[in-house]
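S.K.: got a structure for you, letters missing:
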């Protein structure tokens, strides 16, 4: 019987570690809104994301996009335009977040109704 409890505890530790890994990849105030912007439109230029995410600075957006690239959630493409512009899109791995973002959106709508009534 003790073995089953140990297996259960070990499985729970793995699950908590997975939650922590996810939170580490998506940590901070800005990553989920940035991902949401890209999810909604598919491909976004830097200035488009800057306009979508209220309150974020150029410097912070640049930093957060680099971290999302490191975590292989966002792909950066330099466009051959004059002047040169950069476009961001979700990677295949980043696209796996679309359901989660949708669920967060739905939860947020319901939460707002419950708390604020709107």
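M.R.: Looks like it came in fine. Quick caveat: nothing in here was measured; it's all calculated off a predicted structure.
S.K.: quick one, phi/psi of the spatially most central residue of the chain?
M.R.: Residue closest to the average C-alpha location in the chain (Cα atoms, centre = their mean): residue 32, at 3.7 Å. Main-chain dihedrals, residue 32, degrees, to the nearest 10: phi -70, psi -40.
S.K.: Over to residue 11?
M.R.: Main-chain torsions, residue 11, degrees, to the nearest 10: phi -60, psi -40.
S.K.: Repeat that for residue 55.
M.R.: phi 90, psi -10.
S.K.: Tell me, how many residues neighbour it?
M.R.: Residues lying near residue 55 (other Cβ atoms under 10 Å) number 8. (Glycine included, C-beta is placed from N, CA and C.)
S.K.: which residues does it contact?
M.R.: Residue 55 sits next to no residue when contact means Cβ atoms under 8 Å, 6 or more residues apart in numbering.
S.K.: could we number from 2 for the rest of this?
M.R.: New numbering, starting at 2: the last item is residue 56.
S.K.: one step back: give me the pLDDT for the residue nearest to the centre of the chain.
M.R.: Residue 33 is assigned 95 on the pLDDT scale.
S.K.: Kindly report the same for residue 3.
M.R.: Reported pLDDT for residue 3: 63.
S.K.: residues making contact with whichever helix or strand residue 7 is part of?
M.R.: In this assignment (DSSP states H and E), residue 7 forms part of helix 3-26. The contact list for helix 3-26 (Cβ under 8 Å, 6+ apart) reads 32, 72, 74.
S.K.: okay if I get the residues you listed as TSV plus neighbour count, distance to residue 61 and secondary structure?
M.R.: Formatted as TSV, those follow (neighbours: other Cβ atoms under 10 Å; distance: Cβ to Cβ, whole Å; DSSP: H, G, I helix; E, B strand; the rest coil):
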residue	neighbour count	distance to residue 61	secondary structure
32	19	11	helix
72	15	17	coil
74	22	17	coil
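S.K.: from those, which is closest to residue 111?
M.R.: Set against residue 111, the nearest of the contacts of helix 3-26 by Cβ to Cβ is residue 32 (22.4 Å).
S.K.: Fine by me, thanks again.
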